[in-house]
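heads up, no residue letters with this:
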C-alpha cells in the first residue's frame, strides 16, 4: 500500500500561548501520521516569535496586530495593517499552496482565514474558549470545519454545519516527563511539595503581587517549595525580594519547557485560560484558579467553574484574592495529599488526551 501523499498545512494563530500551543499540538499530530510540511503564520509581537524559531516548522510573520483597549496610534493603523496582512497572506498561500489553512485564534488568524476562503483553500477553525473570539464568530459559518472545546460554545454557532466538540489539543510531550529530572532542572528538592505558580506567557501581575505580599507566611509552611514563572515584567523585583528564599523558591521569567514544569509540580496556582486548563488536566494537576476578570464574556471564570464543579480545582475570583484566602487554599492542598489525589483523579477525567488526533482525523477528510 502506497504511503499517503505529502501534505502542506498553514496554521495561523498566536499572540498568546493559548492560541499558539494548540496549533503546535496539531502540527505534531499531522507529522506523526504522515509526511507534512507545516508553515505557521504569526507576528513579531506575540509569543510565537520566541517559540516557533526553535521548532521544526516554517514560520512567516505578517504585519497584523490586535486592537488596543485604549485609543492609540496603533488602533488608527488597524485598517492599513489588515489590508497589508491580507496581501501578505495571499502571497504566502499562493506560493506555499497549502491543502488546508487552520486558524487557532488571535488577531493573526483573521487575515489568513479570510484570504484562504477567497482563494478557495479549505479552512478550519479550532476554538479553545467557551466564548468564541471575534474572528471565529465572524468566520465560523464560512469555514469547512469548526472544532470547539466546550459544548456550551455550540449556542454561538446554531446555523453552522460541520461543527464538532473535540476538546482542546495539547502538546504530545505533556505527561511524559520524568519527575526527578524535572526537579533537578529547576533546582527543586525532592523531599518537598511543589507549588507551581504561573500566569501565561506574560505572567499575571495580580497573582504575583498577592503571592509577594504573603511570601513570608507561605515560606513558614512546612515542606512547601515554589516554582514561579513570573513573566518578564515582574521578574527583577520578585527575584530580588525572594533572594533570601533561594533554596525554596525557583524563580523564572518564562518557562519554555512547560512539560518539565508540570512534571515537577504537585499542584498549581494560575489563571484559567482554556489551553492552561487543558494542559493541567492532561497532567492531572490539582489547581487553585484565579480567572482573569477581563476575559471576553467572562470565559475564564466559566472555564474555571467547570473544573471546580468536577472537584479538580478551587476557584478564587480576583476581587476575593486576599492573603488569608490564598494561604488557606495553598495550605489545604499542601497538608492534604489525599485531597490532592482526589483532585488529580478528577482532573484526569476532564482531560481529552485524544483531542489532537480527533481534530486531525476530521481535517484529513477535507484533504481527499
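Nice, I can see it. Just so it is clear, the model here is predicted, and its values are computed rather than measured. Numbering: from 1, shown residues only.

ok, residue 38 - contacts?
By C-beta atoms under 8 Å, 6 or more residues apart in numbering, residue 38 lies in contact with 8, 9, 10, 11, 27, 30, 31, 57, 58. Every residue, glycine included, has its C-beta placed from N, CA and C.

so what does whichever helix or strand residue 31 is part of touch, helix or strand wise?
Element membership for residue 31 (DSSP states H and E) is helix 17-33. In terms of contacts (3 or more C-beta pairs under 8 Å, 6 or more residues apart in numbering; DSSP states H and E), helix 17-33 is packed against strand 7-13, strand 36-42, helix 48-51, strand 100-105, strand 123-126, helix 274-282, helix 355-364.

in the first one, which residues are buried?
In terms of neighbour count (16 or more other C-beta atoms under 10 Å), strand 7-13 has its buried residues at 7, 9, 10, 11, 12, 13.

the third one pairs with what?
Read that as residue 10. residue 39, residue 101 (DSSP bridges).

can you pull the pLDDT of it?
We have a pLDDT of 98 for residue 10.

that older thread, out of the helices and strands packed on helix 17-33, which comes closest to residue 200?
Closest to residue 200 of the helices and strands packed on helix 17-33, according to C-beta to C-beta: helix 274-282, at 7.2 Å.

now the closest one: how far from the chain's centre is it?
Centroid separation for helix 274-282 versus its chain: 7 Å, with C-alpha atoms, centre = their mean, to the nearest Å.

helix or strand right after that helix?
Following helix 274-282 toward the C-terminus (DSSP H and E): strand 287-289.

what packs against the helix or strand following that following strand?
For strand 287-289, the following helix or strand on the C-terminal side (DSSP H and E) is helix 299-310. Judged by 3+ C-beta pairs under 8 Å, 6+ apart, the packing partners of helix 299-310 are helix 274-282, strand 287-289, strand 313-315, helix 337-350.

low-confidence regions, the stretch 1-150 of the chain specifically.
For the stretch 1-150 of the chain, applying pLDDT under 70 flags the ranges 1-4, 67-72, 74.

residue contacts, the closest residue to residue 12 other than its chain neighbours?
What sits nearest to residue 12 in space, not counting adjacent residues and going by C-beta to C-beta, 6 or more residues apart in numbering, is residue 112, at 3.4 Å. Residue 112 makes contact with 10, 12, 41, 62, 89, 93, 101, 103, according to C-beta under 8 Å, 6+ apart.

would you confirm that the first one contacts residue 102?
So that's residue 10. Yes. Look at residue 10 against residue 102 with C-beta atoms under 8 Å: they come within range, at 7.0 Å.

stretch 51-59: end-to-end distance?
10 Å (C-alpha to C-alpha, to the nearest Å).

distance from the chain centre to it, please.
17 Å.

try stretch 21-40
Per C-alpha atoms, centre = their mean, the centroid offset for stretch 21-40 relative to its chain is 16 Å.

just stretch 221-230 next, same as before
On C-alpha atoms, centre = their mean, the centre of stretch 221-230 falls 22 Å from that of its chain.

from residue 272, how far off is the residue nearest to residue 12?
Remark: distance between residue 112 and residue 272 (C-beta to C-beta, to the nearest Å) = 27 Å.

and for residue 254, the neighbour number?
Using other C-beta atoms under 10 Å, residue 254 has 17 neighbouring residues.

go on, residue 113?
27.

what is the burial count for residue 349?
12.

again, but for residue 280
29.

isn't it up against residue 287?
Yes. Counting by C-beta under 8 Å, residue 287 is a contact partner of residue 280 at 5.6 Å.

overlap of the contact sets of those two?
268, 270, 347.

now neighbour count and pLDDT too, for these, in TSV please.
Converted to TSV, the shared contacts of residue 280 and residue 287 look like this (neighbours: other C-beta atoms under 10 Å; pLDDT from 0 to 100):
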residue	neighbour count	pLDDT
268	24	98
270	24	97
347	23	97
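
just name the closest of the residues you listed to residue 322, please.
residue 270 (18.1 Å).

bridging residues for that closest one?
Under the criterion used (DSSP bridges), residue 270 bridges to residue 289.

residues touching the helix or strand where residue 328 lies, excluding its own?
According to DSSP H and E, residue 328 maps onto helix 323-335. Residues outside helix 323-335 that contact it (C-beta under 8 Å, 6+ apart): 193, 195, 210-211, 213-214, 217-218, 221-224, 266-267, 269, 286, 288, 314, 316, 339-340, 343.

only whichever of those are buried, select them in ChimeraX.
Per 16+ other C-beta under 10 Å, the buried members of these correspond to this ChimeraX selection:
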select :193,195,210,211,214,218,224,266,267,269,286,288,314,316,340,343
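
lowest average pLDDT across the helices and strands packed on helix 299-310?
helix 274-282 (a mean of 94).

residues contacting the nearest residue to residue 128 once chain neighbours are set aside?
Setting aside the residues directly before and after it, residue 128 is nearest to residue 274 in space (C-beta to C-beta, 6+ apart), at 3.7 Å. Taking C-beta under 8 Å, 6+ apart, we find residue 274 in contact with 18, 128, 129, 130, 149, 168, 299, 303.
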